[in-house]
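*Asks:* Structure, please.
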Amino acid sequence: MDQTTTLSKLDQLKRMTVVVADTGEFELVKQYTPEDATTNPSLILKASQQPQYAGLTDQAIHWARAQGDPDRFMENAVDKLSVSFGCELLKLIPGRVSTEVDARLSFDREATIRRARRLIELYEQQGIARERILIKVASTWEGIRAGEVLEAEGIHCNLTLLFSFVQAVACAEAGITLISPFVGRILDWHKKQSGRDSYPAAEDPGVLSVRRIYDYFKKFDHPTIVMGASFRNLGEIEALAGCDRLTISPALLDELASQHDTLPRALSAEGARQADIERLEIDEKRFRWLLNEDAMATEKLAEGIRLFSRDLEKLERAIDGKMVN
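*Replies:* Numbers count the residues shown, from 1 in each chain. Below you'll find the predicted structure:
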């Protein structure tokens with residue numbers, strides 16, 4: 001018998017791709033033993049509502065009050081809570097945790113840089129080296145330029161809400177450590193536009209987008225890590241087996257862990273280097289034009305920023321409610 005068939009698909013995937021848990025819940029991270037973990041305000045809010053994590057919110061409120069800056073109380077409380085969850089996750093994983101900058105700063109380069117530096121400072125105060133943190137920023141032109149500055153300071157970034165090839169190439173040229181193309185949200189848009197209920201994995205627009213980015217990066221030796229995100233089904237994950245990293249929800253991790261048929265490699269650097277690909281030259285005008293010409297990417301980037309902002313507002317309301325209670 002082929003040895004791989006005795007392993008779960010999750011174990012097979014881990015042999016060719018770094019698996020990242022898309023959750024802020026510690027028990028699930030313990031269960032699936034991923035290399036890295038990622039958080040966002042929605043995941044933090046969900047986890048913080050569980051009794052075993054309630055103390056982290058109380059600690060963040062107490063710390064923010066102690067800073068003596070009422071105008072920045074909520075900013076401080078959210079950042080402290082985000083870092084506290086990140087520190088707890090880092091106890092459970094060998095790699096990095098992604099921590100998100102306020103999405104409402106997505107078009108403000110300087111404010112994004114300031115908040116990112118503050119998050120790193122808070123981590124370092126807890127004895128966590130910046131090498132173990134990825135600062136998550138939206139892939140706007142301003143976000144990419146902020147990431148370029150931060151990377152030069154040794155602050156590694158995860159450029160998220162990435163839906164287009166031009167965003168990916170701009171990130172690579174800026175020296176960004178990692179990008180998160182959103183596979184499932186790309187699929188969602190195309191299903192809505194086409195009226196189709198589904199796409200086979202080989203034709204899935206989100207899968208094809210990540211494959212194109214992966215091949216381009218390997219062809220031109222860009223070290224930026226490609227981490228597929230926002231999966232809707234196992235077929236998408238299987239079609240990207242071999243990608244640098246994949247961040248996967250607990251439900252899909254469970255499906256992968258329960259299946260044991262052979263999982264073949266779909267992407268490889270060797271194959272990408274043989275591809276016939278032209279280099280794309282980008283400046284700000286070309287970036288904005290090509291992004292504008294991509295209706296899906298333009299709409300999903302704007303929607304994603306709005307959704308991330310709403311999630312943060314929910315977290316802020318939860319912190320407010322806890323103060324009242």
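*Asks:* what about this protein, any weak spots by pLDDT?
*Replies:* Residue ranges of the chain with pLDDT under 70: 1-5, 324-325.
*Asks:* Now with 80, please.
*Replies:* 1-5, 23-25, 323-325 (pLDDT under 80).
*Asks:* residue ranges of the strands in it, please?
*Replies:* Applying DSSP state E to the chain gives strands spanning 18-22, 36-38, 97-100, 133-138, 157-162, 178-181, 225-228, 245-248.
*Asks:* So which of those is nearest L208?
*Replies:* strand 178-181 (10.7 Å; C-beta to C-beta). Heads up, the C-betas are built off the backbone N, CA and C, glycines and all.
*Asks:* can I get the strands of the chain in CSV with mean neighbour count?
*Replies:* Listed next are the strands of the chain as CSV, based on neighbours: other C-beta atoms under 10 Å:
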stretch, mean neighbour count
strand 18-22, 23
strand 36-38, 26
strand 97-100, 26
strand 133-138, 27
strand 157-162, 30
strand 178-181, 28
strand 225-228, 25
strand 245-248, 25
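*Asks:* Could you export those strands as a markdown table, including distance to E303?
*Replies:* Output for the strands of the chain, formatted as a markdown table (distance: least, C-beta to C-beta, whole Å):
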| stretch | distance to E303 |
| --- | --- |
| strand 18-22 | 19 |
| strand 36-38 | 19 |
| strand 97-100 | 16 |
| strand 133-138 | 11 |
| strand 157-162 | 9 |
| strand 178-181 | 15 |
| strand 225-228 | 19 |
| strand 245-248 | 19 |
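*Asks:* which stretch among the ones you listed comes nearest G321?
*Replies:* strand 97-100 (21.2 Å).
*Asks:* The closest one pairs with which strands, and in what direction?
*Replies:* Sheet pairing of strand 97-100 (DSSP bridges) gives strand 36-38 (parallel), strand 133-138 (parallel).
*Asks:* what comes into contact with it?
*Replies:* Identification of contacts with strand 97-100 by C-beta atoms under 8 Å, 6 or more residues apart in numbering yields 36-41, 82-83, 86, 89-90, 119, 123, 132-137, 158, 160, 308.
*Asks:* Which parts of the stretch 151-300 of the chain are helices?
*Replies:* In the stretch 151-300 of the chain, the helices defined using DSSP state H, counting those that start in this stretch lie at 165-173, 183-194, 205-219, 234-239, 250-258, 269-273, 284-293, 295-324.
*Asks:* Now tabulate the strands paired with strand 97-100 in CSV and tack on distance to R114.
*Replies:* Shown next, in CSV, are those (distance: least, C-beta to C-beta, whole Å):
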stretch, distance to R114
strand 36-38, 22
strand 133-138, 12
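*Asks:* Of all those, which one is nearest M227?
*Replies:* strand 36-38 (8.5 Å).
*Asks:* centre of the chain versus the closest one, how much separation?
*Replies:* 8 Å (C-alpha atoms, centre = their mean, to the nearest Å).
*Asks:* wait, I282 sits on C171?
*Replies:* No. Using C-beta atoms under 8 Å, I282 makes no contact with C171, being 10.2 Å away.
*Asks:* returning to that earlier point: and the strands paired with strand 97-100: which comes nearest G228?
*Replies:* strand 36-38 (12.2 Å).
*Asks:* got the contact list for the closest residue to A116 other than its chain neighbours?
*Replies:* Leaving aside its chain neighbours, A116 sits nearest to I135 (4.4 Å; criterion: C-beta to C-beta, 6 or more residues apart in numbering). Neighbour list for I135: 98-99, 101, 116, 119-120, 147, 150, 155-158 [criterion: C-beta under 8 Å, 6+ apart].
*Asks:* Tell me the spacing between S106 and D221.
*Replies:* Per C-beta to C-beta, to the nearest Å, S106 is found 29 Å from D221.
*Asks:* Looking at those two, which one has more neighbours?
*Replies:* S106 (25 against 9; other C-beta atoms under 10 Å).
*Asks:* pretty sure that one contacts W141?
*Replies:* No. The criterion here is C-beta under 8 Å, and S106 misses it with W141 at 10.0 Å.
*Asks:* these two touch, right, G242 and E270?
*Replies:* No. In this structure G242 lies outside contact range of E270 using C-beta under 8 Å: 10.3 Å.
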